[in-house]
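Q: sequence-free structure coming up:
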């Protein structure tokens, strides 16, 4: 609040006594300076709650708000974590599906090209129910632990999986 705004909140008899150089005037200026940090914070409040604009130190805290603590730490960097937070509602909507898992993995790593094979067979040709193969681009291999945490958290509980890293197309 500005000094003039604070002054208007005071009784009229006190307002008349406020003049430059007087103690009451100086007191109101001190009150204005004490309010300034809160005013500045409120002015940029929307940026604090936007995962793409919030300070880097606040991003892991926001991740906990949208139930991403189960995959922390995100080894691909704060920018990928920002995108995961921004996509949290859509990720929740598609949780437990191939589409949701692929979206989660691609957002978390920042790399496209994940795939899921659901119709697997055993070596004798019989179907292998409730088992999937997750294909990941070779470039994401350094983030294997993160990818496995995501798969474990997002797949249905009764499904088992294999994780294979494949070379990029044309390599």
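A: All right, it came through fine. For clarity, every value in this text was computed on a predicted model and none was experimentally measured. Numbers count the residues shown, from 1 in each chain.
Q: C-alpha from now on. contacts and neighbour counts both.
A: Noted.
Q: hmm, who's touching stretch 48-64?
A: If you take CA atoms under 8 Å, 6 or more residues apart in numbering as the criterion, stretch 48-64 is touched by 47, 69, 78-79, 81-83, 85-86.
Q: let's see 6 Å
A: Contact with stretch 48-64 is made by 47, 82, 85, as judged by CA atoms under 6 Å, 6 or more residues apart in numbering.
Q: how far away is the last one from residue 79?
A: In other words, residue 85. 10 Å (CA to CA, to the nearest Å).
Q: backbone phi and psi for the most centrally placed residue in the chain, please?
A: Geometric centre of the chain, nearest residue: residue 85, 2.7 Å, by CA atoms, centre = their mean. When read as degrees, to the nearest 10, the backbone of residue 85 gives phi -60, psi -40.
Q: residues touching it, list them.
A: residue 63.
Q: how close does it sit to residue 22?
A: 52 Å.
Q: Low-confidence ranges, this protein, go.
A: Along the chain, segments meeting pLDDT under 70 span 168-171.
Q: Tell me how it divides into domains.
A: The chain breaks down into these structural domains: 3-43, 49-166 (assignment by automatic domain parsing).
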